[in-house]
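**Q** Sequence first, then the predicted structure, then my questions.
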Amino acid sequence: MNFYIRQIKLWFKQNVKPKVYEFVPNKINVITGDSSTGKSSILRIIDYCLLSERSTIVEDVINQNVKWYGLAFSLNNVDYVIARKNPQNETAEQQMFFSEGKEFPDELQANTNRGELLLKFNELFHTPKATFRIDKKKSEVNLNFRHFLIFSYLTEDIIATMNTYFDSNFFGSKIDFEYFLDDFIKIALGIEDAKQDELKKKYAEEKKKMEAEYKKRDDYAKKKQTYEKTLLRLKDKFVSLELGEDCLFNDVDFMLRIVKQGLQKFEQYSDNDKIMKDLDALKEKRKTLTAQIAKYNSLKREYERYQNLSKEQGDSLVPLNFLNKHIEEVLDYEDTKLLVQNLRDSLLKIKETCEQKIELPENFEQHYKDLIAQKQAVDSKIIQMDKLSKNAASVRWMHEAVKLKVDFENLKEPKFKGLTDSEYINLQDEVNDLSDKISRFISNKSEIEAGLDDAINKYYGSQIGISASYNSCRPHFNIDERMLMLKSPDSKFYKRNVGSKSNYMFMHLCFFLGLHDFLLNQDNAFVPNFLFIDQPSIPYYADKTKHNENIQNDDEKKLRDAFCLMNHFMDSIVGLKKRDFQIIMIEHADSKYWDNFKYFETRYVFTEDKDFGLIPKILARKS
């Protein structure tokens with residue numbers, strides 16, 4: 001990535017000409033001057049224009065006079081301008097102006113908003129796509145370009161602190177950096193552990209789903225087993241109350257209906273006299289049906305006899321026909337022939353009579369079947385009435401039947417609400433596949449750590465500002481603890497505490513310079529090749545307000561060595577490697593400490609007796 005800031009522009013609420021601060025690429029652009037002149041607000045303005053969620057710009061003097069904040073920058077050889085209205089009551093303005101090009105328009109009008117620009121900048125800065133989830137808070141964070149600005153801001157709050165190398169508080173989005181800074185670091189450095197972490201998170205999510213599904217299935221199986229046991233018990237009770245035979249079905253609604261009918265009959269026949277009357281009526285009906293069926297059976301038997309007789313009579317003609325044909329061969333007497341002929345004629349008449357078929361009525365069989373069915377139904381009712389007559393005097397039967405009715409009504413077959421079997425198998429396969437990928441994953445973390453340590457050591461070894469007792473140490477950045485540690489050749493343990501603020505300032509410089517050297521070697525596409533350094537002189541100027549106040553000789557040497565280290569970095573990156581890089585540095589010290597360094601360029605000096613500072617004197621005096 002090739003990123004640098006061309007200018008900062010301020011439009012004022014009063015009729016005062018806009019103020020422009022220009023910067024150049026491949027240089028260390030220095031803004032120095034007195035305290036309380038707005039130097040540190042430069043970074044806050046830059047970050048506000050780069051879509052910060054909240055404003056940290058000082059309200060007094062600065063924000064109360066500025067109407068619009070503008071930033072012109074170049075990204076991958078394309079120029080852009082962006083402007084944002086001043087925040088109201090420390091609430092960041094969402095409406096913004098953005099355009100491709102070098103110049104701001106004469107009249108600013110908002111043409112976009114922060115949400116749209118955030119997506120646009122994610123594309124322009126080639127931000128990787130990733131989503132991080134916070135399980136306990138049930139929220140998620142989408143990776144955006146601002147998450148990588150933390151690697152370009154060496155702020156005054158951390159530059160000389162003990163073991164804090166990333167100013168997450170500056171960004172305000174505490175949730176993002178509290179939970180996911182480790183992920184941002186790994187992604188920026190190219191550590192594929194981030195991929196492994198993503199696999200682990202995915203594995204944890206899918207395994208949680210699988211375990212939840214297993215529990216659903218286990219609970220359902222237990223409920224189903226309980227249901228079936230209860231149903232079997234109720235069926236046994238159903239049979240024992242003589243409400244029906246042992247059913248081959250599990251139709252709860254059907255059995256419940258039978259129970260209700262039984263209870264209704266119980267109420268109807270609680271009077272035994274009524275039961276006997278109904279029984280007598282049913283038995284009389286059965287007697288009538290039995291008589292009708294007997295008549296039908298008698299008629300069927302006669303019809304069958306008739307059919308058999310017809311067949312026998314037809315068969316009787318066969319020998320007479322034979323005799324008639326051959327009578328001349330057997331008999332010579334006329335009287336005998338006449339007798340045979342008469343017999344044959346009589347049989348023929350009988351045959352003709354038999355051939356006149358007598359048929360039963362068409363609906364004979366259906367009527368017969370209906371009578372049989374009616375009798376069976378009456379028999380069943382008589383049996384049921386006999387049972388009811390026995391139960392009518394039994395209060396216990398009624399209580400048991402009522403209880404059975406309630407049990408059937410309360411019996412609900414469990415419904416399974418979960419994945420289908422095929423979906424569950426697919427989920428199991430996915431969990432197993434993720435587990436296999438995690439077990440076979442080969443991390444490049446050690447390789448990355450070694451490369452980063454080498455890049456940091458390149459600058460640590462070239463500086464002489466840190467205390468002499470640590471000169472022989474080798475630095476190691478512990479990614480998991482996010483801190484730079486020192487290890488002496490004769491020790492097996494890393495040192496976390498290195499004493500003075502001056503030592504920590506040098507360690508911070510070595511880390512940030514080494515980090516960007518390493519990222520450039522990695523051809524990182526989404527961390528800006530840009531560094532904002534806020535007051536390396538803090539350890540030496542903490543109690544001074546004027547930029548030209550003198551400091552002790554020893555501190556002068558250390559401060560000059562700090563600037564020399566930064567110049568060495570620019571010479572290595574810009575001079576030797578022919579890569580682009582821009583540093584903007586806010587300083588309190590006098591320019592005499594860096595005037596002789598090739599890559600330093602003092603852009604602005606904010607003093608009370610000259611131009612007063614970031615805000616023009618005419619406005620600042622009125623505030």
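**A** Now that the structure is in, tell me what you want to look at.

**Q** for the stretch 401-550 of the chain, what spans make up the strands?
**A** Under the criterion DSSP state E, counting those that start in this stretch, the stretch 401-550 of the chain contains strands at 474-478, 483-487, 530-534.

**Q** should've said the stretch 151-300 of the chain
**A** Under DSSP E, counting those that start in this stretch, the stretch 151-300 of the chain gives strands at 153-154.

**Q** Contact partners for residue 588?
**A** By CB atoms under 8 Å, 6 or more residues apart in numbering, the residues touching residue 588 are 32-33, 35, 39, 535, 537-538, 541, 544, 547. In this view, the C-beta of every residue, glycine as well, is placed from N, C-alpha and C.

**Q** From residue 301, how far out is residue 375?
**A** Relative to residue 301, residue 375 is positioned 19 Å away (CB to CB, to the nearest Å).

**Q** likewise residue 89?
**A** Note on residue 89: its distance to residue 301, by CB to CB, is 112 Å.

**Q** Likewise for residue 420?
**A** To residue 301, residue 420 is 64 Å away according to CB to CB.

**Q** Also residue 451?
**A** Taking CB to CB, one finds residue 451 at 112 Å from residue 301.

**Q** the more surrounded of the two?
**A** Just comparing residue 451 and residue 301: by other CB atoms under 10 Å the higher neighbour count belongs to residue 451, 17 against 10.

**Q** residue contacts, that one?
**A** By CB under 8 Å, 6+ apart, the neighbours of residue 451 are 518, 521.

**Q** Find me the pLDDT at it, would you?
**A** Looking at residue 451, its pLDDT reads 94.

**Q** if we can go back for a sec, most neighbours per residue, which of the strands of the stretch 401-550 of the chain?
**A** For those, the largest average neighbour count (mean count of other CB atoms under 10 Å) is found in strand 530-534, namely a mean of 22.

**Q** Which strands and helices lie in contact with that strand?
**A** When contacts are defined as 3 or more CB pairs under 8 Å, 6 or more residues apart in numbering; DSSP states H and E, strand 530-534 sits against strand 3-12, helix 41-49, strand 153-154, helix 501-521, strand 582-587.

**Q** From residue 373, how far out is residue 295?
**A** Taking CB to CB, one finds residue 295 at 17 Å from residue 373.

**Q** now do residue 120
**A** 84 Å.

**Q** Tell me which of these two has more neighbours.
**A** Between residue 120 and residue 373, residue 120 has the larger neighbour count (other CB under 10 Å), namely 15 against 11.

**Q** Just the pLDDT for the closest residue in space to the more buried one that isn't next to it in sequence.
**A** Sequence neighbours aside, residue 98 is the residue nearest to residue 120 in space, at 7.5 Å (criterion: CB to CB, 6 or more residues apart in numbering). Here, the pLDDT recorded for residue 98 equals 97.

**Q** Could you do the one 10 residues further on as well?
**A** The confidence metric pLDDT takes the value 93 at residue 108.

**Q** Check residue 114 too.
**A** Note on residue 114: pLDDT of 95.

**Q** which residues does it contact?
**A** Residues in contact with residue 114 (CB under 8 Å, 6+ apart) are 51, 92, 94, 96.

**Q** number of nearby residues for residue 65?
**A** Using other CB under 10 Å, residue 65 is surrounded by 21 other residues.

**Q** before we move on, back to that, okay, and the residue nearest to residue 120 sits in which element?
**A** Assigned by DSSP states H and E, residue 98 falls within strand 95-100.

**Q** Packing partners of that strand?
**A** The helices and strands touching strand 95-100, judged by 3+ CB pairs under 8 Å, 6+ apart, are strand 78-85, strand 112-113, helix 114-124.

**Q** what's in contact with stretch 568-581?
**A** Stretch 568-581 is contacted by residues 2, 4, 25-28, 458-459, 462, 513, 516-517, 520, 529-531, 583, 598-599 when judged by CB under 8 Å, 6+ apart.

**Q** Kindly recompute the last result at 10 Å.
**A** Outside stretch 568-581, the residues within contact range by CB atoms under 10 Å, 6 or more residues apart in numbering are 1-4, 25-28, 74, 77, 458-459, 462-463, 509-510, 512-514, 516-517, 520-521, 523, 528-531, 561, 567, 582-583, 597-600.

**Q** buried subset of those residues?
**A** Buried members of the contacts of stretch 568-581, counted by 16 or more other CB atoms under 10 Å: 1-4, 25-28, 74, 458-459, 463, 509-510, 512-514, 516-517, 520, 528-531, 561, 567, 582-583, 597, 599-600.

**Q** Farthest-apart pair in the contacts of residue 588, please.
**A** Spanning the widest gap among the contacts of residue 588 are 33 and 538, at 15.1 Å by CB to CB.

**Q** residues contacting the closest residue to residue 382 other than its chain neighbours?
**A** Leaving aside its chain neighbours, residue 382 sits nearest to residue 282 (5.1 Å; criterion: CB to CB, 6+ apart). Shown in contact with residue 282 (CB under 10 Å, 6+ apart): 377-379, 381-382, 384-385.

**Q** try 7 Å
**A** Applying CB atoms under 7 Å, 6 or more residues apart in numbering to residue 282 gives the contacts 378, 381-382, 385.

**Q** Any chance of a markdown table for those residues, columns secondary structure and neighbour count?
**A** Output for these, formatted as a markdown table (DSSP: H, G, I helix; E, B strand; the rest coil; neighbours: other CB atoms under 10 Å):
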| residue | secondary structure | neighbour count |
| --- | --- | --- |
| 378 | helix | 20 |
| 381 | helix | 16 |
| 382 | helix | 16 |
| 385 | helix | 20 |
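
**Q** which one of these sits closest to residue 175?
**A** Within the contacts of residue 282, the smallest distance to residue 175 is 77.2 Å, found for residue 381 (CB to CB).

**Q** distance of the closest one from residue 131?
**A** Noted for residue 381: a distance of 72 Å to residue 131, by CB to CB.

**Q** What of residue 504?
**A** Residue 504 sits 35 Å away from residue 131, going by CB to CB.

**Q** ok, now residue 341?
**A** Plainly put, residue 341 is 118 Å away from residue 131 if you go by CB to CB.

**Q** and those two? which has more neighbours close in?
**A** residue 341 (13 against 10).

**Q** so what pLDDT did that one get?
**A** We note a pLDDT of 70 for residue 341 in this prediction.

**Q** do the same with the one 4 residues further on
**A** At residue 345, the pLDDT value in this model is 71.

**Q** Count the residues that sit near it.
**A** By other CB under 10 Å, the residues close to residue 345 number 11.

**Q** Doesn't it belong to a helix?
**A** Yes: counting by DSSP: H, G, I helix; E, B strand; the rest coil, residue 345 is found in a helix.

**Q** Give me the below-cutoff pLDDT ranges for the stretch 401-550 of the chain.
**A** Scanning the stretch 401-550 of the chain for pLDDT under 70 picks out the ranges 442, 542-550.

**Q** can you pull out the helices in it?
**A** Secondary structure of the stretch 401-550 of the chain (DSSP state H, counting those that start in this stretch): helices located at 421-440, 445-460, 501-521, 538-541.

**Q** Out of those helices, which is the most enclosed?
**A** Of the helices of the stretch 401-550 of the chain, the one with the most neighbours on average (mean count of other CB under 10 Å) is helix 501-521, at a mean of 23.
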